[in-house]
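Enquirer: 3D, please:
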Amino acid sequence: MMLRYALQTLRARRAGFVGAFLALLCAAALVTACGTLLETGLRGDIRTERYAGTPLLVTGDQNVHHEQRKGDKVKRKAKPVSERVWLPADTVDQLARLDGVEAVVPEVTFPAVAMGENGPLDGSGPESLGHAWSSAALTPFHLTEGAAPEADDQLVIDTALAQRTGLAVGDTVTVQATATPTRYTVVGLATPGGGELTEQAALFFTEPEATRLADRPGQLAAIGVLPEPGADQAALRERLDRALDGTTLQVRAGDERGAAEFLGAADARVQLVSMGGAIGGTGLLVAVLVVVGTFTLTGQQRRAELALLRAIAATPRQIRRLIGREALLIGLVAGALGALAGMPLGRWLFDEFVGMGNVPATLRLVSSPFPPAAALLATALAAWLAARISARRTARVRPTEALAEAAVEPVAAGWFRPLAGVLALAGGAVLLAVLATLRTEPAATPVTYLTVLLLCVGVALLGPPLARAAFALLGAPLRAFRVTGHLATEHARANAARLAAVITPLTLLVAMACTILFTQTTLGEAAERQAGRGVLADWVVTAQGPGVPAEAASRLRDLPGTTAVTEVVRGTVRTPGLDKYPVQGVTAEGAATALDLGLTSGSLDDLGPETVAVSDLVADGHGLGPGDTFAVVLGDGTPVDLTVIAVYERGLGFGELTLDHALLARHLDRPLAESVLVSGEADAETLNAALADLPGLAVAAGSAVAEARAVEREANAEVAFLGMGLILAFTTIASVNTLAMATAERRREFTLLRKVGTTRRQLRAVVRLESLAVAGTAILLGTGIALATLTAFATGMTGAPAPALTPGGYLAVAGGATVLALTATAVPARLAMRRGDHHAF
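Expert: This next block holds a predicted model:
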């Protein structure tokens, strides 16, 4: 019976449920898209290119492992390291002796870029890597022109690189690898058997030259194992596993090889999982909040209908079941359509992340029925939950009061809603206190958005009294507009609950937009400020290729008037407990002259291969001070125990750890300096002259380091803006829906006002004034929520309760909300007035 009546209600009041339907549809699409990203991060295969020709590949373990014991239980975790883990070269002989092995192919790999006078010849192309020609069989590469390199000044390049750069057999080219740039003669062109490489370029050298450039004596990047013809690969893999038992080396086959080739894919998968979960979860919470408001507004508009049902003896349980089933039907239909729309949205999101360089193109997008099914279930549940929450008061009203409440908007809202609102605000205050203590971005980001949502829930629950208070304050300025202002004020006071439902999504929109925008500017400005204050050097030398070679630093040190030359490399490290920190390596000699890290204790004088300076974040998190021992796992998995010599406060600008340059560079895939800081009296012309024959180097003022940090932060912020921008788009649609619904149902009111002599021009002015008042209230509330959240965020992340708010950005958010409110009410108001005129005359 109730199901049939629910269907009849939906057919009769289609317009009233459009807002909820669209909000749920968008939520389902968002959850499906984010679920696709999450599943890709969990199960996505990584396509191999370089190792396509070897069925079995032996590599190092690319993870740091940690065991956590709680009583009799052992919890094991593993996190990837950022650099390649190399393996002992003597493993080749061990594997070559196994039955079923036809050949064992050692591989070394290193950055190698063909350079012109002004920088890389293939500046917009994929990553360029060097290898020994003896490892060409791993792809396999075949010569299409010329011959294999026989002398150390010869090389072979892949045909795709030759086409992009215009290089041909017989040409000479400068290659920047891990040492001083060197001239080589192109003696051959090679093409991979499986098709051109798309994600990398290949340069092949003689084996001795490749070993020299890799600069990893006694180590290999990987070992390819080629089985004998007809050999059982599964059995051979088992023999390889037994031979390597007791070591950290791993045997990879199939798609496992791709993870060993593209190391960034591991971090990309983690990022997809965290981002998919965060965006999808936030979107679902926003959906519940918005749909609760939409159903509340729909319930107010159909109060007479529900009152009649209560008057003819419908029980509260029957009313709740009716509203719940209506919502469930809407949720199922909207969820199904939204899930279908979410699949192409997920592919678009993935492609955008690939285009930004955050996800390698070799990571395959996973398309399965699980995300759409989960979205359909979650949307239906969210709709049912939102409807049951919104129907609570309507369903419990006494039959004798029902018809009276249908005529006039009830003033008293009961005790539950205000109490829940106060508790939500109290919970938000607790989260603000927690947020002010979080000092890492991965920990602070989800708490930041959860805080905004919880505070917005509090505002939504306290919406009617807040709306009355806001319009009481706005009454005096509105009445300055005489007739229209008086009408707008009286309508707002009499319909506070309806306006509260309109204010809530706009408040959420302003709060979320400001939070998303200004968390990034807060971090970016703090990093830029710390770098600007911390760089004492007069000049900085940077490179367009793989880095600044050591030869450049050596020449600069020999210049008259130079007092300090500091090479800087950057990377990431982990602790044995799997914490991940950005790190910089600086030349010990002259570091204190070139950098001011904001030391709070200790000194950089003793910086060396066995010492480390740590930021106050690391010091507080691990209870460290000068003289303590700190265990660190370097980027290539090498564990070291370092003595803390100093604690500093400028971690955002320079990394959370500072190591000796030589120590860190030995364990990076790109060991060349990212920059070289120069202090002294030498001018830019002198520095440029000293570096004239080293291609791709540029000299700039020391302040350029701060500018580079700002650019870097902006690039990282693009990912956050793209992901959370979907939440904003969803919230915007929900706001438009709610505003349009609230305005479209005012036909009877407009008809009455027209009958008593109000002109259409005056009615339009009334709607505009109400819209401006609603937008102003939402902007004020949203700004307050965002400001409180951003202040707590800035306190934790930067140590100062001073978020970076850009006037232009804030005006864009506030202006956008105002334009949205005016636009979303103007068209429905005109239509309602037109229908009202037909009834009036």
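
Enquirer: So Leu340, which state does it fall into?
Expert: Using DSSP: H, G, I helix; E, B strand; the rest coil, the structure places Leu340 in helix.

Enquirer: nearest residue to it other than its sequence neighbours?
Expert: For Leu340, ignoring the flanking residues on the chain, the nearest one in space by CB to CB, 6 or more residues apart in numbering is Pro372 at 7.2 Å. The C-beta positions use only the backbone N, C-alpha and C, and glycine is treated the same way.

Enquirer: got a pLDDT number for that neighbour?
Expert: pLDDT for Pro372: 91.

Enquirer: Which elements pack onto the host helix or strand of it?
Expert: Following DSSP states H and E, one finds Pro372 within helix 370-390. Counting by 3 or more CB pairs under 8 Å, 6 or more residues apart in numbering; DSSP states H and E, the packing neighbours recorded for helix 370-390 are helix 14-43, helix 264-301, helix 316-356.

Enquirer: now those helices in a markdown table, with mean pLDDT, distance to Thr587 and mean neighbour count?
Expert: As requested, the helices and strands packed on helix 370-390 are arranged in a markdown table below (pLDDT from 0 to 100; distance: least, CB to CB, whole Å; neighbours: other CB atoms under 10 Å):
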| stretch | mean pLDDT | distance to Thr587 | mean neighbour count |
| --- | --- | --- | --- |
| helix 14-43 | 80 | 38 | 25 |
| helix 264-301 | 75 | 28 | 23 |
| helix 316-356 | 82 | 33 | 20 |
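
Enquirer: a markdown table for these, including distance to Arg242?
Expert: Listed next are those as a markdown table, based on distance: least, CB to CB, whole Å:
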| stretch | distance to Arg242 |
| --- | --- |
| helix 14-43 | 29 |
| helix 264-301 | 26 |
| helix 316-356 | 39 |
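
Enquirer: Which of those sits closest to Leu461?
Expert: Among the helices and strands packed on helix 370-390, helix 264-301 comes nearest to Leu461, with 9.4 Å by CB to CB.

Enquirer: quick one, longest strand in this protein?
Expert: strand 562-574 (DSSP state E).

Enquirer: Contacts only, for Lys65.
Expert: One correction, residue 65 is His, not Lys. For His65, the contact set (CB atoms under 8 Å, 6 or more residues apart in numbering) comprises 76-78.

Enquirer: Please name whichever of those residues scores lowest on pLDDT.
Expert: Among the contacts of His65, pLDDT bottoms out at Arg76, giving 83.

Enquirer: Give the closest residue to it in space, chain neighbours not counted.
Expert: Nearest residue to Arg76, sequence neighbours excluded (CB to CB, 6+ apart): Glu67, at 5.5 Å.

Enquirer: The one you found in helix, strand or coil?
Expert: Classified using three-state DSSP, Glu67 is strand.

Enquirer: That one: neighbour count?
Expert: Neighbour count for Glu67, taken as other CB atoms under 10 Å: 9.

Enquirer: Asp579 now?
Expert: Asp579, neighbours per other CB under 10 Å, totals 18.

Enquirer: wait, it sits on Leu617?
Expert: No: in this structure, Asp579 is not within contact of Leu617 by CB atoms under 8 Å, at 10.2 Å.

Enquirer: can you pull the contacts of the residue lying closest to Glu649 once chain neighbours are set aside?
Expert: The spatially closest residue to Glu649, leaving aside those adjacent along the chain, is Gly598, at 4.1 Å (CB to CB, 6+ apart). By CB under 8 Å, 6+ apart, Gly598 lies in contact with 530, 533-534, 648-650.

Enquirer: do Leu240 as well
Expert: Counting by CB under 8 Å, 6+ apart, Leu240 touches 56, 58, 95, 98, 225, 251.

Enquirer: Scan the contacts of Gly598 and report the most crowded one.
Expert: That'd be Tyr648 among the contacts of Gly598, by other CB under 10 Å, with 27 neighbours.

Enquirer: For that residue, grab phi and psi.
Expert: phi -130, psi 170 (degrees, to the nearest 10).

Enquirer: got it, and Ser128?
Expert: phi -110, psi 120.

Enquirer: mind listing what it touches?
Expert: 111-114, 120, 122, 161, 200-203.

Enquirer: which two from these end up farthest apart in space?
Expert: Spatial extent of the contacts of Ser128 (CB to CB) is set by the pair Pro120 and Ala202 at 15.0 Å.

Enquirer: Have a look at these two and say which one is more surrounded.
Expert: Neighbours per residue, other CB under 10 Å: of Pro120 and Ala202, the larger number sits with Ala202, 24 against 20.

Enquirer: was I right about the more buried one contacting Phe141?
Expert: Yes: the criterion here is CB under 8 Å, and Ala202 meets it with Phe141 at 7.1 Å.

Enquirer: Now the common contact residues for the two.
Expert: Residues within reach of Ala202 and of Phe141 at once, by CB under 8 Å, 6+ apart, are 158, 190.

Enquirer: Would you agree Asp605 falls within a strand?
Expert: No: with three-state DSSP as the criterion, Asp605 is assigned coil and is not in a strand.

Enquirer: in which helix or strand would I find the closest residue to it other than its chain neighbours?
Expert: Among residues not flanking Asp605 along the chain, Ala592 sits closest, at 6.9 Å (CB to CB, 6+ apart). Per DSSP H and E, Ala592 falls inside helix 591-594.
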